[in-house]
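Chemist: Need coordinates for the following:
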Amino acid sequence: MKFATPSCGFSFIELIITLAIVAILASVTMPLASVVAQRNKESELRHNLRQLREAIDAYKKASDEGRVKKENDDTGYPPDLNILVEGTEDLKDIDKKKIKFLRRIPIDPMQSDRYASDDSDAPQWGLRSYESTPDRPSTGQDVYDIYSLSTQIGTNGIPYAQW
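Modeler: So this is what the prediction gives:
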């Protein structure tokens, strides 16, 4: 009398069904992963904008307190972003130490793909002077505000340049 031996392994139909289920799950998670990545970039953009704006405000406050050299016709805002990193002499300090407002200029995460990180001449941020209007930002003698140069629109429907 012969007995049937149990088969060891999967049938072809079982493998096809398993692959179909895995493909369906992968097709569902891929769009979700891209949305999560986009939101992470947006969160980093918000953080970097806040960090730069706080440094600009700290420079203005130091200027108003007489700690930073300012001409009579100056607004008190920094002339460029580099001075926030390089620092400026503290006029009220006996030792004339430098006041630094940032360790480094943060990058615009929405522009990081467009420019190589080692290209220091590439513009990272749009600069708005004190004299320019909010709806038409332009550069000038100082840096009153910054904005992203990205032409993309955020997940909230507002262009990144208006954040």
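
Chemist: tell me how far the ends of stretch 147-160 are from each other?
Modeler: Criterion C-alpha to C-alpha, to the nearest Å; first-to-last residue distance in stretch 147-160 is 8 Å.

Chemist: got the contact list for that stretch?
Modeler: Identification of contacts with stretch 147-160 by C-beta atoms under 8 Å, 6 or more residues apart in numbering yields 35, 38-39, 42, 45, 49, 108, 110-111, 123-126, 128, 137, 161-163. Placement of C-beta: from N, CA and C, glycine included.

Chemist: Break down the chain into its strands, ranges please.
Modeler: Ranges of strands in the chain, per DSSP state E, are 88-89, 98-99, 125-128, 145-148.

Chemist: okay if I get the ones you listed as a markdown table plus mean pLDDT?
Modeler: Formatted as a markdown table, the strands of the chain follow (pLDDT from 0 to 100):
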| stretch | mean pLDDT |
| --- | --- |
| strand 88-89 | 89 |
| strand 98-99 | 91 |
| strand 125-128 | 92 |
| strand 145-148 | 93 |
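
Chemist: out of the ones you listed, nearest to residue 11?
Modeler: Among the strands of the chain, the nearest to residue 11 by C-beta to C-beta is strand 145-148 (55.2 Å).

Chemist: circling back to that earlier point, between the strands of the chain, which one is closest to residue 61.
Modeler: Among these, the nearest to residue 61 by C-beta to C-beta is strand 98-99 (10.7 Å).

Chemist: and the lowest-mean-pLDDT helix or strand in the chain, what other elements does it pack with?
Modeler: None of the helices or strands of the chain scores lower by mean pLDDT, DSSP states H and E than strand 88-89, at a mean of 89. Using 3 or more C-beta pairs under 8 Å, 6 or more residues apart in numbering; DSSP states H and E as the contact test, the elements touching strand 88-89 are strand 98-99.

Chemist: Can you list the strands that the strand it packs on pairs with?
Modeler: Sheet pairing for strand 98-99, assigned by DSSP bridges, gives strand 88-89 (antiparallel).

Chemist: and for the strand it pairs with, what are the contacting residues?
Modeler: Contact with strand 88-89 is made by 68, 69, 96, 97, 98, 99, as judged by C-beta under 8 Å, 6+ apart.

Chemist: Buried subset of those residues, written for ChimeraX?
Modeler: Those of those that count as buried under 16 or more other C-beta atoms under 10 Å are selected in ChimeraX with:
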select :68,99
